[in-house]
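J.: return atomic coordinates for the entry below.
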Amino acid sequence: MPRTLLRDRAYEAIRDAIVAGDIEPGAAVRDAELAERLGLSRAPVREAFARLVDEGLLESKPQSYTRVTPVVAGDVRDAAAVVGAMHELAARVAVPRLGGADVEVMRAANERFATAVRGGDVDAALRADDELHDVLVRVSGNRAAAATIARYTPLIRRLERQRFGEGGNCRSAGLHERLIEACANGDVAEAVHVTAEIWRGLEGLADGD
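T.: Coordinates of the predicted model:
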C-alpha cells in the first residue's frame with residue numbers, strides 16, 4: 001500500500017478513536033503501540049501524530065510525551081464559528097446548483113438522523129448529519145471550505161459526543177427540515193440563515209447552553 005494511504009489510514013483510525021472517546025483526553029499515545037494495533041509500521045503513525053497535533057487533537061513535547069488534548073470549550077467554540085462560516089459559504093454557493101436528486105439525498109439523511117436520535121444512536125446520528133451537510137459542501141465545489149470543515153469538525157464532534165453521552169440533545173431534525181425546504185425552494189437567504197442557526201447552536205453547546 002502506498003505510504004500516503006498508510007499515513008491516511010493511521011490518521012483516520014487514531015482521529016476516530018479520539019473523537020469517539022476510545023482514547024480519552026489526557027491519555028498518552030505511543031507510536032509503537034498504535035502501530036502494532038493498526039498493523040502498520042511506526043512511520044505512518046508518527047506522520048499521523050504530527051497531523052493530529054497540528055489539528056489540535058494531540059499535544060506533544062519532544063522526548064517527553066504525546067497525549068490527547070483535553071476538550072476545551074473555547075477551542076470548540078472557535079472551531080464551530082469557523083466551520084459554521086464555511087457551511088454558510090457552501091450553502092450560499094450550492095443552493096442555486098442543487099438538483100432534485102441532491103435534495104432527496106438530504107431528505108434521506110435527515111430521516112436517518114431523526115431515527116438515530118430517537119434511538120439514542122449517537123454514531124449513526126452524527127454520520128447522517130455529516131451526509132446531509134456534505135451534500136452542500138460537495139455541490140459548492142469549494143475545496144478550501146471542504147478542507148477547513150474536515151480539519152476542524154473533529155474538535156466539535158468530541159464535545160457533541162460527550163454532551164450526548166451525558167443526556168444532552170442532538171442537533172434538531174426540525175432545523176434540518178427547514179434547511180432542506182429552503183434548498184428545495186432555491187431560497188439561498190433562508191438556507192444560509194438556517195445554517196447559521198444550526199452552527200450557533202453548536203457554539204452554544206461549547207458554552208454549556
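J.: D123 belongs to a helix?
T.: Yes: according to DSSP: H, G, I helix; E, B strand; the rest coil, D123 belongs to a helix.
J.: quick one, what contacts the residue positioned nearest the centre of the chain?
T.: Nearest residue to the geometric centre of the chain (Cα atoms, centre = their mean): T153, 3.3 Å. By Cβ atoms under 8 Å, 6 or more residues apart in numbering, T153 lies in contact with A79, V83, D130. Where C-beta positions appear, they are placed from N, C-alpha and C, glycine not excepted.
J.: out of these, grab the one that's most surrounded.
T.: A79 (25 neighbours; other Cβ atoms under 10 Å).
J.: if we can go back for a sec, so which of the contacts of T153 comes closest to P62?
T.: A79 (25.8 Å; Cβ to Cβ).
J.: what's the helix or strand for the closest one?
T.: In this assignment (DSSP states H and E), A79 forms part of helix 73-94.
J.: would you map out the domains in this protein?
T.: Domain assignment for the chain, taken from automatic domain parsing, gives 3-68, 73-206.
J.: in the chain, which spans are helices?
T.: 3-20, 31-38, 42-54, 73-94, 100-119, 122-140, 143-165, 173-184, 188-206 (DSSP state H).
J.: is A28 in a bridge, and if so with what?
T.: Taking DSSP bridges as the rule, A28 bridges to R67.
J.: residues contacting it?
T.: Counting by Cβ under 8 Å, 6+ apart, A28 has contacts Y65, T66, R67.
J.: shaky segments in this protein?
T.: 1-4, 164-171, 205-209 (pLDDT under 70).
J.: name the residue most distant from the centre of it?
T.: Quick read of the chain (Cα atoms, centre = their mean): farthest out is Q63, 31.0 Å.
J.: next one: phi and psi at that residue?
T.: With angles defined as degrees, to the nearest 10, Q63 sits at phi 60, psi 10.
J.: burial measure for I156, as a count.
T.: 24.
J.: contacting residues for it?
T.: V76, A79, A80, V83, L202.
J.: ok, now with 6 Å
T.: Neighbouring residues of I156 by Cβ atoms under 6 Å, 6 or more residues apart in numbering: V76, A79, A80, L202.
J.: now these as JSON lines including distance to G56?
T.: Output for those, formatted as JSON lines (distance: Cβ to Cβ, whole Å):
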{"residue": "V76", "distance to G56": "10"}
{"residue": "A79", "distance to G56": "8"}
{"residue": "A80", "distance to G56": "13"}
{"residue": "L202", "distance to G56": "16"}
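J.: which of the residues you listed sits closest to A146?
T.: Closest to A146, out of all of the contacts of I156 and judged by Cβ to Cβ, is A79, at 15.4 Å.
J.: so how far is E160 from that closest one?
T.: A79 is 11 Å from E160, where distance means Cβ to Cβ, to the nearest Å.
J.: please apply the same query to A73.
T.: 13 Å.
J.: same thing with P25?
T.: 14 Å.
J.: neighbour count: the two, which is higher?
T.: Legend: neighbour count by other Cβ under 10 Å for P25 and E160, higher for E160 (23 against 15).
J.: report the contact partners of the more buried one.
T.: E160 neighbours (Cβ under 6 Å, 6+ apart): none.
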